[in-house]
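>>> Sequence first, predicted model second:
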Amino acid sequence: MVLLHGVTDAGTAWPDLVSHWQERWDIHSPDLRGHGRSPRFAEDQLDAAPDVMLDDVLAVLEHIGEPVALIGHSLGGFLALRAALARPRYIAALVLEDPARPSGSTPDPQFVAANEALLDSMVDPGTQIERMLRETPWTRTEVEAWAACKPLVDRRYIARGPVPG
């Protein structure tokens with residue numbers, strides 16, 4: 001099973017899923033480029049970020065070398081779909097949770113502003129954790145993993161506006 005996270009998250013954003021399925025599945029949950037502990041984008045890669053990220057995902061699939069259940073959320077869903085189209089031989093099952101949809105070649109200023117505001121708000125993660133516990137059905141483990149991802153995002157990627165390729 002390969003898990004691809006959403007924008008501003010990281011491979012560690014799936015603790016409950018991993019805990020539930022780890023006995024039955026070999027789980028891979030990479031940090032997408034610019035997220036978590038992955039490499040940051042080189043300046044000349046930022047304009048081609050979706051293609052760079054897709055190449056990274058394809059490298060993971062090729063390294064595994066056999067068909068996987070590919071699960072993607074938001075940005076990860078968009079990349080999972082592109083990976084399945086590019087390398088169908090590596091896909092046994094595809095699950096897309098609220099996949100991001102291409103919006104053209106121009107960043108959506110509202111999307112950029114909302115993500116920058118979210119990342120800025122994580123200066124006080126305790127407040128955000130308590131808000132998420134009130135507003136979502138997520139477990140504390142999930143919310144704390146979500147919050148821990150936010151300081152690890154390449155802000156240059158967010159500021160440029162994640163534009164699907």
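Perfect, thanks for sending it.

>>> can you give me the helices in this structure?
15-21, 49-64, 75-86, 109-121, 125-135, 140-149, 155-160 (DSSP state H).

>>> Quick one: list the elements packing against the second one.
To tie it back to what came earlier, the one meant is helix 49-64. strand 2-4, helix 75-86 (3 or more Cβ pairs under 8 Å, 6 or more residues apart in numbering; DSSP states H and E). Every residue, glycine included, has its C-beta placed from N, CA and C.

>>> That one: which residues count as buried?
Across helix 49-64, burial judged by 16 or more other Cβ atoms under 10 Å covers Ala49, Pro50, Val52, Met53, Leu54, Asp56, Val57, Leu58, Val60, Leu61.

>>> Show the low-confidence segments of the chain, by residue range.
104-105, 163-165 (pLDDT under 70).

>>> change it to 90
47, 101-111, 123-124, 160-165 (pLDDT under 90).

>>> Quote the end-to-end distance of stretch 58-69.
One end of stretch 58-69 sits 14 Å from the other (Cα to Cα, to the nearest Å).

>>> no, scratch that, I was asking about stretch 6-23
Start-to-end, stretch 6-23 (Cα to Cα) is 24 Å.

>>> Run a quick check on Glu142 versus Pro15, I expect a contact.
Yes - in this structure Glu142 lies within contact range of Pro15 using Cβ atoms under 8 Å: 6.3 Å.

>>> Quick one, which of the helices of the chain gets closest to Arg37.
Taking Cβ to Cβ, helix 140-149 is the member of these nearest to Arg37, at 10.3 Å.

>>> and that closest one, which residues are buried?
For helix 140-149, burial by neighbour count (16+ other Cβ under 10 Å) applies to Glu142, Val143, Ala145, Trp146, Ala147, Ala148, Cys149.

>>> Pick out whichever of those residues sits closest to Leu119.
Nearest to Leu119 among these: Cys149, at 10.0 Å, using Cβ to Cβ.

>>> The closest one contacts Ala10, correct?
Yes - using Cβ under 8 Å, Cys149 is in contact with Ala10, at 4.1 Å.

>>> Mutual contacts of those two, please.
Common contacts of Cys149 and Ala10 (Cβ atoms under 8 Å, 6 or more residues apart in numbering): His35, Gly36.

>>> still on that earlier bit, possible to save the helices and strands packed on helix 49-64 as a markdown table with mean neighbour count and distance to Phe41?
Listed next are those as a markdown table, based on neighbours: other Cβ atoms under 10 Å; distance: least, Cβ to Cβ, whole Å:
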| stretch | mean neighbour count | distance to Phe41 |
| --- | --- | --- |
| strand 2-4 | 25 | 17 |
| helix 75-86 | 22 | 14 |
